[in-house]
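In: Sequence and predicted structure, then a few things I'm wondering about:
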Amino acid sequence: MPVDFEELKKKHPCFSVGEKNNSGRIHLPVSPGCNISCNFCRISINDDEVRPGVASGIITPDEAVETVEKAVALMPELTVVGVAGPGDTLATPYALETFRKIKEKFPKMIKCMSTNGLQLLEKADEIIEVGIDTLTVTVNSVDPAIQVKINEYINWHGKRIYGREAAEILIENQLKGIKKVSAAGVTVKVNTVLIPEINKDHVPVVAKTVADLGATIYNIIPLIPQHNLEWCSAPSCEDLYAVRAEAEKHIKVFRHCQRCRADAIGIPGGKDISKQIYLREVKMENTFSHG
C-alpha cells in the first residue's frame, strides 16, 4: 500500500504542509524528453541554475540505483527517491523502469514522481502497480481557453496537436488520471504555475477541481518569466499570498517550495550533495518540460 499522508508529513519534505522537516530527497534525472510544449519552460543541461527542468546530465535506470546507493551512504537522512525530469516522466519509459529497480533495492524509500499528466490516465495502472507513493501533477488550468495561452502544443500518439484541441486533451487526461490514481491510494500533489497575466484569477478554480477529484495538497509556484512567457511578470508576494489564501479554502496548500532542480539531492533549503554525486557531464539539446 502507498504511504499515507500522515506518514508523508514526517518523511517527505514536500508534504509537510506548513512546517519544514529535516527529511531529504534525491532526484534522479532519468527522463530526457517531454511530450508537451509549455510556454514558460526551458530545459537546460547545466550546473548553475536552480529551477525545475535543469540537470547536469541524464543517467540510466541502472545508474540511478547506483546513485541512490552512493547518496544514502553520504546522507542517511534521505527518505524520498523522486523523478522530476528534466523532461516529463511519462514521455519515456525510464522513470517507471527506475522505480521498479528502486522498489526492489530500497523497499523502504518513498517513491515520488512528477508529471505534466498528458499520459497519466493511460499510465495510471502502471503507476499504481509500480507502487508510486506520491504523484505530483502540474495543472495550470482546467479551462481550455486559458490553457491554450500556456501550452503551444502536445505530442499525442505520434501526432503534434495545437490549440484548443491540445488543451482539451491535456486537461481531460490530467483530471481523469488524478481521479484514478487518487482512488487507488496514491497521494496526489498538484502544482500550478502562477502566471499573473494569464491564470491568476483561475487558480482557485483549479484548486477546487483537483481537490474534488482526490488531490491532497496544492502547490502554487511563482512563474519564472522566460521562454515564450518572458513578457509576463513574476508574481509579487501579495499575489502569492492572496491566491494561496483563496486556494486554501478548498485544499491544503504547500508554502515552502524551493523550485528544485531535476538532480537535487539533500534537504530542500539546506545541505545539497548533488555535485558530490553527479560527476559526469552529459550534453543534450534543449526541449520542454512540465516545469
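Out: Nice, thanks for sending it over.
In: those helices in the chain, which residues are they?
Out: Shown for the chain, the helices assigned by DSSP state H span residues 5-11, 61-74, 94-105, 120-130, 144-147, 163-183, 203-212, 237-247, 274-277.
In: Tabulate those helices in a markdown table, adding columns for mean neighbour count and mean pLDDT.
Out: (Each C-beta comes from the backbone N, C-alpha and C, glycine too.) Shown next, in a markdown table, are the helices of the chain (neighbours: other CB atoms under 10 Å; pLDDT from 0 to 100):
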| stretch | mean neighbour count | mean pLDDT |
| --- | --- | --- |
| helix 5-11 | 16 | 67 |
| helix 61-74 | 17 | 93 |
| helix 94-105 | 20 | 96 |
| helix 120-130 | 18 | 97 |
| helix 144-147 | 17 | 98 |
| helix 163-183 | 20 | 98 |
| helix 203-212 | 21 | 98 |
| helix 237-247 | 16 | 95 |
| helix 274-277 | 16 | 81 |
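In: out of the ones you listed, nearest to residue 261?
Out: helix 274-277 (7.2 Å; CB to CB).
In: ok, so what distance separates the residue located most distally from the centre of the chain from residue 198?
Out: Going by CA atoms, centre = their mean, the residue of the chain most distant from its centre is residue 73, 25.8 Å out. Distance from residue 73 to residue 198, counting by CB to CB, to the nearest Å: 45 Å.
In: Quick check, pLDDT for residue 42.
Out: If you check residue 42, the pLDDT there is 74.
In: Next: residue 216.
Out: Taking residue 216 on its own, its pLDDT is 94.
In: I figured it was touching residue 189, is that so?
Out: Yes: Residue 216 lies in contact with residue 189 (CB atoms under 8 Å); the separation is 6.8 Å.
In: Those two: which is more packed in?
Out: Taking neighbours as other CB atoms under 10 Å, residue 216 and residue 189 compare with residue 189 leading, 24 against 20.
In: related to what we said a few turns ago, among the helices of the chain, which is nearest residue 30?
Out: helix 94-105 (4.4 Å).
In: name the helices or strands packed onto that closest one?
Out: On a contact count with 3 or more CB pairs under 8 Å, 6 or more residues apart in numbering; DSSP states H and E, helix 94-105 meets helix 61-74, strand 78-83, strand 110-115, helix 120-130.
In: I'd like to know which of the ones you listed is closest to residue 252.
Out: Closest among these, using CB to CB: strand 110-115, at 16.9 Å.
In: Adjacent strands (with direction) for the longest strand seen in the chain?
Out: In the chain, with assignment by DSSP state E, the single longest strand is strand 187-194. Within its sheet, and counting by DSSP bridges, strand 187-194 is paired with strand 134-138 (parallel), strand 217-222 (parallel).
In: by how many degrees do it and strand 110-115 diverge?
Out: 40 degrees (axes from the mean of the first three to the mean of the last three CA atoms, to 10 degrees).
In: Pull strand 187-194 out as PDB, backbone CA atoms only.
Out: The C-alpha trace of strand 187-194 is given here as PDB (Å, rounded to 0.1, in the frame of the first residue of the first chain):
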ATOM      1  CA  THR A 187      -1.200  10.800  -2.600                       C
ATOM      2  CA  VAL A 188      -1.500  13.400  -5.200                       C
ATOM      3  CA  LYS A 189       0.000  16.900  -5.100                       C
ATOM      4  CA  VAL A 190      -0.900  19.400  -7.800                       C
ATOM      5  CA  ASN A 191       1.400  22.100  -8.900                       C
ATOM      6  CA  THR A 192       0.100  25.200 -10.600                       C
ATOM      7  CA  VAL A 193       2.500  27.800 -12.100                       C
ATOM      8  CA  LEU A 194       1.000  31.200 -11.200                       C
END
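In: For it, what is the distance to the chain centroid?
Out: 8 Å (CA atoms, centre = their mean, to the nearest Å).
In: Residue numbering should commence at 56 henceforth.
Out: Sure thing, new numbering starts at 56, so read that last one as strand 242-249.
In: between that strand and helix 175-185, how many degrees?
Out: 140 degrees.
In: Averaged pLDDT, strand 242-249. What do you get?
Out: pLDDT averaged over strand 242-249 gives 96.
In: tell me the angle of it relative to helix 292-302?
Out: Going by the same axes, to 10 degrees, strand 242-249 makes 140 degrees with helix 292-302.
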